[in-house]
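**Student:** Let's see this in three dimensions:
(2 chains)
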Amino acid sequence: MKPNGHFGPYGGQYVAETLMAPLAELAEAYGQAKRDGAFQREYHEILRDYVGRESPLTVCRRLSESLGGARIVLKREDLNHTGAHKVNNTVGQALLAKRMGKKRLIAETGAGMHGVATATVAALLGMPCDVYMGAIDIKRQAPNVERMRLLGARVIAVEEGSATLKDAMNEALRDWVANCDDTFYVIGTVAGPYPYPEMVRDFQRVIGDEARRQCLEKFGRLPDQAIACVGGGSNAMGLFAGFLDDREVKLVGVEAGGKGLATGEHAASINGGRLGVLHGAKTMLLQTDAGNIIDTYSVSAGLDYPGVGPEHCYLHDSGRAEYSVICDDEAIDAFDRLCRCEGIIPALESSHALAEAIKRAPALPKEAILLVNLSGRGDKDMENIIAYKKAHGRA
Amino acid sequence: MSERIARSFAKAKAEGRGAFVAYLTMGCPTLSQSEQAVDALIAGGADIIELGVPFSDPFADGGVIRSAAYTALSQGVTLDKVLATAKRLRDRHPDTAFVLFTYYNLVFSKGLGEFAAEAADAGIDAVLAVDLPLEERDELLDALKPYGIGYVPLIAPNTPIERVVESARGIENSFLYVITVKGITGARSELPPDLTGRLDAIRAAVKLPIAAGFGISTKEQAETVSMHADGFVVGSALVKRLSAEGKIEGELLV
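**Tutor:** Below is the predicted model of the structure:
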């Protein structure tokens, strides 16, 4: 990585000048915390005693048998406190906020999982918390809005633009510009200006580090492929980070294909976008010819973001990771199969990664291991799944 | 290389006043009304015009300019259309300095080389990209340089003086845009008490003219700021007036 967080041509710090000083302060503080044993101990203690780590690896016996090929193995981030991987990162950032003497947390959220995870650690550490959320997302993720409120956070509806995640992020940036002296902006994914992509990856790499060790313990070998869904890409980056140096492990990111790339209604920034600059980073973006950002679509609100973490673009270009596309219907099929074969209700986001594994497994030998990051649980998606099935005539 | 910006500041200085930099979001209420409003601003005494390009994600702007951007976008206003308008304005106003005020993705996405050529053809004197700090600006500066188009660096309330000096380095025929407050664009009833001292310190550190902006909407604020800066920027107040009345006439500042 070059100075100021460039991953090849991607990343950087494309922000208003007023944010350059707080970003420098953050990069400095994070650099120190990263090397500070006491900080790392406290972070890992909270992950163990509060989040419930480590999360188990689960072999999908019935699902794998029904496919007749590789074994599908799940990294169970759905079993974390708050029900997703997001909390790994919010614990780290909130501890850092406290260490920096910041008094208040703000966050953006799409599906609400990062908002819930931020509200949770805000309660744990006794800090006030404001969460920006698009008005459309507030409607489609009502249970998470209630959860955030129960946890003591204020949920601020963002009505403008497309009233979704990108607009929530715009509003959080506006808040931060005005209040950067005492406010810490907890970004939920490996996007945004440096040092966020690197910092969020580091706080999420516990997923990959654990999974690597667990694979060696359980199977005596590494997985053949590590597969994760990619919206902004934090759960994927966390998983990949544990295996980057293991060249024999194929890394597979799965983007949300929505109704199909050809329809234009999707959220696949790497597969369907082009290079641009948004929210502080140079990255692959879904945008018009004129350079305005396009409203994305996916059945899964958590993947519904027009950009992607810059390091993913870099891994894509270098060939270290590959990025495929799974559409709504394939994700819903995978969701159903996991529910019925394994008794696990996955998040719709994670169902995209699972669908990719289901596609790949039959062609692979029985000894092969496909490690899938089950990044979250699906309770939050019940209403959407019922509505989707109703609309598409599926029981 | 065009020297309209330097000449605008020199002229204002000779007349014992600060240069009046006026911002409009192009395309609100309509592109042709914006174009007429620029004529009115120049007739009313504005020295430098900032032509704002509407962007889908205006994260550095307050409510007035955001709302103007959404109005403009809903009518299909793009960078290309703003440049075409600029070209017509340039024909009518050969001496007025025009600054293209944009978010970086709009020009980056077009291709920096192609953008620079078209901006030059439209008679743009300088470019200001709100989300392009010192560390990232070289690729745009390199593209603008062959055409003699300047670049306007932004200076924030929390920018250290060494960084102000660094930001001014290599910049010609332009000015420093000094942001008066931590926050987003928009009129404010009071400017921060330490602003004048801050402007004095910046002016002492650099040779480029400095213009203060964000929050300035009244004649009194403009006069106060002009005692400590070479110019002042009025944006949201003008955009609001144009949005509400459809035209700008009479005194620009009250």
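**Student:** what about the nearest residue to A:G291 once chain neighbours are set aside, helix or strand, and which?
**Tutor:** Nearest non-adjacent residue to A:G291, counting by C-beta to C-beta, 6 or more residues apart in numbering or on different chains: B:S109, 3.3 Å away. Placement of C-beta: from N, CA and C, glycine included. In this assignment (DSSP states H and E), B:S109 forms part of helix B:104-110.
**Student:** same for that helix, what does it pack against?
**Tutor:** Applying 3 or more C-beta pairs under 8 Å, 6 or more residues apart in numbering or on different chains; DSSP states H and E, we find helix B:104-110 packed against strand A:274-278, helix B:79-92, strand B:126-129, helix B:138-144.
**Student:** mind running it again at 6 Å?
**Tutor:** Helix B:104-110 is packed against strand A:274-278, with contacts defined by 3 or more C-beta pairs under 6 Å, 6 or more residues apart in numbering or on different chains; DSSP states H and E.
**Student:** separation between A:R221 and A:E367?
**Tutor:** Per C-beta to C-beta, to the nearest Å, A:R221 is found 9 Å from A:E367.
**Student:** hmm, stretch B:165-183 in reach of chain A?
**Tutor:** Yes. On the criterion C-beta under 6 Å from any C-beta of the partner chain, stretch B:165-183 is in touch with chain A at B:K182, B:G183.
**Student:** which parts of that stretch are buried?
**Tutor:** B:167-168, B:171-183 (16 or more other C-beta atoms under 10 Å in any protein chain shown).
**Student:** Keep only those of the residues you listed that are in helices.
**Tutor:** Judged by DSSP state H, helices contain the following of those: B:S167, B:A168.
**Student:** What is the burial count for B:A244?
**Tutor:** 8 (other C-beta atoms under 10 Å in any protein chain shown).
**Student:** Now do the same contact list for residue 8.
**Tutor:** Using chain A here. By C-beta atoms under 6 Å, 6 or more residues apart in numbering or on different chains, A:G8 lies in contact with A:Y314.
**Student:** hm, I was asking about chain B
**Tutor:** Listed by C-beta under 6 Å, 6+ apart, the contact set of B:S8 reads B:A19, B:D47, B:I48, B:A97.
**Student:** Next: A:V51.
**Tutor:** Contacts of A:V51 by C-beta under 6 Å, 6+ apart are A:N80, A:H81, A:V87.
**Student:** Tell me, what's the model's pLDDT at it?
**Tutor:** We have a pLDDT of 98 for A:V51.
**Student:** again with A:Q141
**Tutor:** A:Q141 is given a pLDDT of 87.
**Student:** next one: B:R198
**Tutor:** At B:R198, the predicted lDDT confidence score is 96.
**Student:** what about it, how many neighbours?
**Tutor:** That count, for B:R198 with other C-beta under 10 Å as the rule, works out to 19.
**Student:** sec struct for the most centrally placed residue in chain B, please.
**Tutor:** Closest to where the C-alpha atoms of chain B average out (C-alpha atoms, centre = their mean) is B:E50, at 3.8 Å. Secondary structure assignment for B:E50 (DSSP: H, G, I helix; E, B strand; the rest coil): strand.
**Student:** any idea how far it lies from chain A?
**Tutor:** Distance of B:E50 to chain A, given as C-beta to the nearest C-beta, to the nearest Å: 16 Å.
**Student:** give the contact list for that residue.
**Tutor:** B:Y23, B:V99, B:F101.
**Student:** Nearest to A:D328, out of these: which one, please.
**Tutor:** If you rank the contacts of B:E50 by distance to A:D328 using C-beta to C-beta, B:F101 comes first, at 39.8 Å.
**Student:** Look up the residues forming beta bridges with the closest one.
**Tutor:** Under DSSP bridges, the beta-bridge partners of B:F101 are B:G52, B:L128.
**Student:** tally of neighbours for it?
**Tutor:** B:F101: 25 neighbours (other C-beta under 10 Å).
**Student:** Do I have it right that it meets B:F55?
**Tutor:** No. Counting by C-beta atoms under 6 Å, B:F55 is not a contact partner of B:F101; they are 10.4 Å apart.
**Student:** Just the buried ones from the contacts of B:S8?
**Tutor:** Buried members of the contacts of B:S8, counted by 16+ other C-beta under 10 Å: B:A19, B:D47, B:I48, B:A97.
**Student:** Could you dump the residues you listed into JSON lines and include distance to B:I149, secondary structure and pLDDT?
**Tutor:** Compiled in JSON lines, the buried ones among the contacts of B:S8 are given as follows (distance: C-beta to C-beta, whole Å; DSSP: H, G, I helix; E, B strand; the rest coil; pLDDT from 0 to 100):
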{"residue": "B:A19", "distance to B:I149": "19", "secondary structure": "strand", "pLDDT": "98"}
{"residue": "B:D47", "distance to B:I149": "18", "secondary structure": "coil", "pLDDT": "98"}
{"residue": "B:I48", "distance to B:I149": "14", "secondary structure": "strand", "pLDDT": "98"}
{"residue": "B:A97", "distance to B:I149": "12", "secondary structure": "strand", "pLDDT": "98"}
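**Student:** Export those residues as a markdown table, with columns for distance to chain A.
**Tutor:** Formatted as a markdown table, these follow (distance: C-beta to the nearest C-beta, whole Å):
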| residue | distance to chain A |
| --- | --- |
| B:A19 | 21 |
| B:D47 | 23 |
| B:I48 | 20 |
| B:A97 | 22 |
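**Student:** can you list those in TSV and add distance to A:L275?
**Tutor:** Putting the buried ones among the contacts of B:S8 into TSV (distance: C-beta to C-beta, whole Å) gives the following:
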residue	distance to A:L275
B:A19	37
B:D47	37
B:I48	32
B:A97	31
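**Student:** Lowest average confidence across helices and strands of chain A, where is it?
**Tutor:** Lowest by mean pLDDT, DSSP states H and E among the helices and strands of chain A is helix A:135-140, with a mean of 90.
**Student:** how far is that helix from where the chain is centred?
**Tutor:** 19 Å (C-alpha atoms, centre = their mean, to the nearest Å).
**Student:** Which other helices and strands does the strand of greatest length in chain A contact?
**Tutor:** Taking DSSP state E as the criterion, chain A has its longest strand at strand A:250-258. Applying 3+ C-beta pairs under 6 Å, 6+ apart, one finds that strand A:250-258 contacts strand A:225-230, strand A:321-327, helix A:348-360.
**Student:** Tell me the strands beside that strand, with direction?
**Tutor:** When DSSP bridges is applied, strand A:250-258 pairs with strand A:225-230 (parallel), strand A:321-327 (parallel).
**Student:** Okay, angle between that strand and helix A:348-360 too, please.
**Tutor:** If you take axes from the mean of the first three to the mean of the last three C-alpha atoms, to 10 degrees, strand A:250-258 sits at 120 degrees to helix A:348-360.
**Student:** Now do the buried residues in the next helix or strand after strand A:250-258.
**Tutor:** Following strand A:250-258 in sequence order, the next helix or strand is helix A:269-272 (DSSP H and E). Using 16+ other C-beta under 10 Å as the burial criterion, the residues of helix A:269-272 that qualify are A:S269, A:I270, A:N271, A:G272.
**Student:** I figured the second one was touching A:M284, is that so?
**Tutor:** Yep, that's A:I270 we're talking about. Yes. A:I270 is within contact range of A:M284, at 5.0 Å (criterion: C-beta under 6 Å).
**Student:** quick revisit: other residues contacting the helix holding B:S109?
**Tutor:** Here helix B:104-110 makes contact (C-beta under 6 Å, 6+ apart) with A:Y14, A:G276, A:V277, A:G291, B:V53, B:F55, B:L79, B:F115, B:A129, B:D131, B:L132.
**Student:** Put the alpha carbons of that helix into CSV.
**Tutor:** Extracted C-alpha coordinates of helix B:104-110, given in CSV (Å, rounded to 0.1, in the frame of the first residue of the first chain):
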residue,chain,number,x,y,z
TYR,B,104,-14.4,15.3,-8.3
ASN,B,105,-16.2,12.2,-9.7
LEU,B,106,-17.9,14.3,-12.4
VAL,B,107,-14.6,15.4,-14.0
PHE,B,108,-12.7,12.2,-13.2
SER,B,109,-15.5,10.1,-14.7
LYS,B,110,-15.4,12.1,-17.9
